[in-house]
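Enquirer: Have a look at this fold, sequence not included:
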C-alpha cells in the first residue's frame, strides 16, 4: 500500500441511487471516512447486505461486496467469515431486513458473536416496497398496509440485541458525523459481532420520525451521549442525570447539579445497565447514543479455529482416512 | 442347505439395539468375504412406546457369495425381539423362513401391545416357518449376572446375545465383534464385559443347544470380487469421503453448512469429524442460513456445500437462485424422503426430482446428479463438486434415505488416479475499468467465470441477486441484457453435457424390445430384475446418473427400444422429464410405499410389459 487511502478511494464508480435527501447518503459518507481513518485494506474489506434501500450499500463502495437476499446477510457473512476469518466483514441491513424477515439470522449471529459489524439502518418503515409499516414502526403508523394505523407492538433493536446476547451495542444518528464516526470506529475495533443501530431518516415515507430527538433544538434534552467511565448526564450543560431507583428497579431522571452523587457512571461492560439504557423511551427519558455495551469475549471464528487447523488446511489424506476402518484385501486370481 | 445368498432381518423395539447388531453382523460378513447390501428400516419415533408395532426398528442384510446389489426381497431369517417385531415383519419374510423368537416377551401383555388377540405360535400364523424359540432375555440376564448390573441394564445386552447366536448359525466366531465391543465400551469395563459375556453366551447357546433348524448356509468365496482393497461403506460415509476427496482434488477448503434433518444428518455428523481433511462444518440456525453460509463461503473462496432433505431443500430454494445469479459454486445434497410436507421422514422415496430440476422461481436451470448405490456416492460427490467449480454454478446431488443408511462393500479407489479438479483462476494483470469485465470473462466452453474471492488484491467487485450486465457485472435492468443473461444461464447448464460421459447400457443389448430406465437407488433392484431375463427377451437396463442435463446420446439410445419402462419411487417424475426433454413416452411403474422396490415385483412388471402388445410410441424430435 503506497499512499494512505482517502475516503473517496473507498467510493465505487457506481452512481448512487437513493432518493435525494435520504439519510443513507450521510451514512455512506461516514463509512467511507471511517474506512480511510482506520486504514482499511480494500481487498480485505467486504460489505454484505440483504434487501432494502440500505442494502444497496455494497455497490457504492470500492471494496468487495455481496448484495444478497432478503434478511440473509448475517448467514452469508457467517459462512464468509468462517471461510476467511482475516476479512473485515460488514453487514448492512435495515429494520425490515434485519428484524422481520431476517430476525432469526440476526439473533444467531449476535449470540454466536461472529466477528462482523452489523449496521442496522432503522427508519421505522419499508422504503423499497413503498411505505408499509415495519416491525419498528410505532403503534398507529398509517401506511398502505395499515390504513387505519398499525396496532402491533414494535420491537426495539437494542433490546433485541441484548436479548440475543450481543456483546457490542451502539447507536448513532445518520447525519451526526461525529457521533456516527466514533461509533463506526469502535464497532470496527471490536473482536466479535458489533451491532450498530443507525437512526436513519426516510425522507419519502417516514420523514421526521426521529425529529423529537434528532432536531437541533431537541438534542440537548432528548439525547444522552454515553461514554465509558463518564456520568450519564444530558440536558443543557449536563443539568440532568440518570439515577437508579432501587425501589422500582428502574432508571429515573434526576437533577445532576443538585445530586451529582446519585448520577450513574456509564460502564459499557455492564449488561444490566445496557438493558436499561436501550429500553429508555421518550418523552420521559432521552435516547441513549454511543457505545452502550462492549463486552470483550471470544469470537465465533476464533472458537471455530481453536478446533480446526488454521485456514482449513489439510493435515490428513482422504486415502488414509477411508482406510481407518476394517479393510480387507481380495487377491488377484492367478 | 447351501444358498447363493441369504437375507437376514433383525427386528425389535427402537431401543433394542437392532441397528447396532445389524452393522456388526455386516462387518463380520465383510470379513467372511461375502458381498452384501443392507437396509436399515427404522421408525420416525426415537423411542416409541415399547412393544408397539409403530416402534419397530429393523435392519436387513442381504449377503452372498455372488454379487449382491439389493438388500434382498424376502428375508430368509428373521430375528424378532418381541411380538410387535414379529407382527410387522411376518408379511415380509419368505415362505419357510427361519424365525428366531425372543419368547420372554410373548406374555399376554406383550401380545396385547402388538395387537395379537391370540399367541401366533398357537394360532397357526407361524405354520410353514421354522421356529427357534429362545428365552433371550432370561439367558442374557443369566450370562451377565456376575457383573452386578441392574436388571434393565443387563437386559439391554440381549442384542449381543442374539448376535452371538446368529454368528453361530452362520458358522462364524465372534472374535471381530469382541474386538469392537472392547473398543466401543472401553470407558466402562462393566458394560463392556457384560456385553462380551452376552455375546459369547449366545454363541455358546447355539453350539450346545443343538438347534435342529435348517440354517441357510451361505458359501463363502471372494472370487467374485475384482482384486483390491475393500471396506464396507454406507452411502453417507461414501458421500462424505467423496466431498472430502473433491476438496483435496481441487486443493480448496470445504465449508459444509447444514441443519439437522432426517435422513440427511449423518453426512453432517461424518464431516464434523474431519477437520483434518480441510473441511469446516457449521450447524446453522435453519435451512436457509445453512445454504446462505455455504454461499458466503463460496464467495470467500471455499467450496460451499449444504445438505438437507426435501422440506429443507424447499426452504433453500431462493438462496440457490442467488448462487446461480452470482455465478458461485455450490453443492446441494438432497437426501430424499417420503413427502410431501413432513411426510415419512425415515422412509425412502425419489420424489424430489421435480424440485431439483424445476423447483425454483424464474428460469433457473441447474445441473442435477443422482447416486445409485452407497459406494457410488463417492464418485457422484466428486462429480458434483467438479461441475460446480468448472461451470461456477449450484449443483443438486440427489441421494435418498435408503442410500444414506444402506451399506455395501466398496473397492477403495486410488485417489491419486482421479483427475484433478481445476478451479477457474482469477484474472491477472488487470486494473481499473478492466477489472469487472475480467471477473465476468467466462470460459467459452463452460461459461464458468473466474473464481475471485475477497482477499485477492485489486479485484474488488460487487455482485448479488439483482440482474447484472453480461459483460461488467454491474446492476442492469436492460431488457436485452436480461434476455442474454437468461440465455447464458441456460446455455451454461446445457454445456455440462459436453463434459459428461455418454449414457451407457448397464446390462442387455443396445437396442431391444424393452429398456428399463431408472435413476438413483433403484439401481440394484432393476439390475437384478433385468439380469433375470433371458437374452432373447432383449431387455436392457439403463440407469441415469446425470438428470440435468441428460447425456447427449440418451434420446437416441432410448429410441432404439420398442418400449421403455420407468420404475420410480414417485408418481412418475423421471417419466415426465424424459417426455419433456426428449419427447420420449414411457410406461410408468410407480411405488411410494416408503420401501425400496423388490426384485420380484420388477420381474413381474417386466414380464407383464413384455407380454402386452407393444404400444406405438409417438417419438417426437428432441427438444432442447
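Expert: Yes, it's here. Note that the coordinates shown come from a computational prediction; the quantities given were computed from them, not determined experimentally.
Enquirer: use CA for all of it now, contacts and neighbours both
Expert: Will do.
Enquirer: wait, what's in contact with residue A:149?
Expert: A:139-143 (Cα atoms under 8 Å, 6 or more residues apart in numbering or on different chains).
Enquirer: For residue B:152, grab the count of nearby residues.
Expert: 9 (other Cα atoms under 10 Å in any protein chain shown).
Enquirer: how about low-confidence regions in the stretch 101-250 of chain B?
Expert: Scanning the stretch 101-250 of chain B for pLDDT under 70 picks out the ranges B:210-224.
Enquirer: and if we set it to 80?
Expert: Within the stretch 101-250 of chain B, the ranges that satisfy pLDDT under 80 run B:209-224.
Enquirer: what does it put close to chain A?
Expert: Residues of the stretch 101-250 of chain B lying close to chain A by Cα under 8 Å from any Cα of the partner chain are B:222-223, B:225-232, B:241, B:244-245, B:248.
Enquirer: Can you list which of those are found in strands?
Expert: B:228-232 (DSSP state E).
Enquirer: Looking at those, state which has the most neighbours.
Expert: residue B:232 (27 neighbours).
Enquirer: any idea how far whichever residue of the stretch 151-300 of chain B sits closest to chain A is from residue A:59?
Expert: Proximity of the stretch 151-300 of chain B to chain A (Cα to the nearest Cα) peaks at residue B:293, 3.8 Å away. Residue B:293 sits 21 Å away from residue A:59, going by Cα to Cα, to the nearest Å.
Enquirer: who has more neighbours, these two?
Expert: residue B:293 (34 against 27).
Enquirer: Excluding chain neighbours, what is closest to that one?
Expert: Distances taken as Cα to Cα, 6 or more residues apart in numbering or on different chains place residue A:79 nearest to residue B:293, at 3.8 Å, with adjacent residues excluded.
Enquirer: Isn't that neighbour up against residue B:289?
Expert: No - using Cα atoms under 8 Å, residue A:79 is not in contact with residue B:289, being 9.1 Å away.
Enquirer: give me the number of residues near the closest residue to chain B within chain A?
Expert: At 3.8 Å from chain B, residue A:79 is the closest residue in chain A, using Cα to the nearest Cα. The tally of other residues near residue A:79 (other Cα under 10 Å) stands at 34.
Enquirer: With the one 3 residues further on instead?
Expert: Residues lying near residue A:82 (other Cα under 10 Å) number 29.
Enquirer: tell me the secondary structure for it?
Expert: Assigned with DSSP: H, G, I helix; E, B strand; the rest coil, residue A:82 falls in the helix class.
Enquirer: roughly how far apart are the residue most central in space within chain B and residue B:520?
Expert: Nearest to the geometric centre of chain B sits residue B:403, at 1.5 Å (Cα atoms, centre = their mean). Distance, residue B:403 to residue B:520, by Cα to Cα: 9 Å.
Enquirer: ok, now residue B:96?
Expert: With Cα to Cα as the criterion, residue B:96 and residue B:520 are 32 Å apart.
Enquirer: Of those two, which one has the most company?
Expert: residue B:520 (24 against 14).
Enquirer: Next, give phi and psi for that one.
Expert: Here is the backbone geometry of residue B:520 (degrees, to the nearest 10): phi 70, psi -150.
Enquirer: Could you find the closest non-adjacent residue to it?
Expert: Counting by Cα to Cα, 6+ apart, the residue nearest residue B:520 is residue B:372, at 4.1 Å.
Enquirer: isn't the one you found right up against residue B:542?
Expert: No - the pair residue B:372 and residue B:542 fails to qualify as a contact (Cα under 8 Å) at a distance of 11.8 Å.
Enquirer: still on that earlier bit, overlap in contacts, residue B:403 and residue B:520.
Expert: Common neighbours of residue B:403 and residue B:520 (Cα under 8 Å, 6+ apart) are B:372-373.
Enquirer: What residues does residue B:29 make contact with?
Expert: Contact analysis of residue B:29 by Cα under 8 Å, 6+ apart lists B:35-36, B:63.
Enquirer: got these as a markdown table, with pLDDT columns?
Expert: Shown next, in a markdown table, are the contacts of residue B:29 (pLDDT from 0 to 100):
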| residue | pLDDT |
| --- | --- |
| B:35 | 88 |
| B:36 | 90 |
| B:63 | 89 |
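Enquirer: how about low-confidence regions in the stretch 1-150 of chain A?
Expert: Low-confidence segments of the stretch 1-150 of chain A, defined by pLDDT under 80: A:1-3.
Enquirer: show me where it has strands.
Expert: In the stretch 1-150 of chain A, the segments counted as strands under DSSP state E, counting those that start in this stretch are A:45-49, A:64-67, A:88-94, A:117-122.
Enquirer: And chain B, is the last one touching that?
Expert: No - in terms of Cα under 8 Å from any Cα, no part of strand A:117-122 sits within range of chain B; the closest distance is 15.5 Å.
Enquirer: now that strand, how far from the centre of its chain.
Expert: Relative to the chain's own centre, strand A:117-122 is displaced by 4 Å; criterion: Cα atoms, centre = their mean, to the nearest Å.
Enquirer: Could I get the buried residue list for the helix or strand just after it?
Expert: Going down the chain from strand A:117-122, the next helix or strand is helix A:157-164, by DSSP states H and E. For helix A:157-164, the neighbour count (16 or more other Cα atoms under 10 Å in any protein chain shown) marks A:157-162, A:164 as buried.
Enquirer: Adding pLDDT and distance to chain B, write the residues you listed out as JSON lines.
Expert: Shown next, in JSON lines, are those (pLDDT from 0 to 100; distance: Cα to the nearest Cα, whole Å):
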{"residue": "A:157", "pLDDT": "98", "distance to chain B": "20"}
{"residue": "A:158", "pLDDT": "98", "distance to chain B": "21"}
{"residue": "A:159", "pLDDT": "98", "distance to chain B": "21"}
{"residue": "A:160", "pLDDT": "98", "distance to chain B": "17"}
{"residue": "A:161", "pLDDT": "98", "distance to chain B": "17"}
{"residue": "A:162", "pLDDT": "98", "distance to chain B": "18"}
{"residue": "A:164", "pLDDT": "98", "distance to chain B": "13"}
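Enquirer: ok, residue B:309 - how many residues close by?
Expert: There are 28 residues near residue B:309, going by other Cα under 10 Å.
Enquirer: Kindly provide the distance from it to residue B:86.
Expert: Taking Cα to Cα, one finds residue B:309 at 31 Å from residue B:86.
Enquirer: Does the nearest residue to residue B:532 once chain neighbours are set aside lie in a helix or a strand, and which?
Expert: Spatial nearest neighbour of residue B:532, chain neighbours left out: residue B:603 (7.5 Å); criterion: Cα to Cα, 6+ apart. Using DSSP H and E, residue B:603 maps to helix B:599-611.
Enquirer: Touching, the residue nearest to the centre of chain B and residue B:235? I think so.
Expert: Yes - proximity of residue B:403 to residue B:235 meets the contact threshold set by Cα under 8 Å, at 5.0 Å.
Enquirer: Between these two, which contacts overlap?
Expert: The contact lists of residue B:403 and residue B:235 share B:373-374, where a contact means Cα under 8 Å, 6+ apart.
Enquirer: Now for residue B:76, how many residues are close by?
Expert: Per other Cα under 10 Å, the neighbour tally for residue B:76 reads 23.
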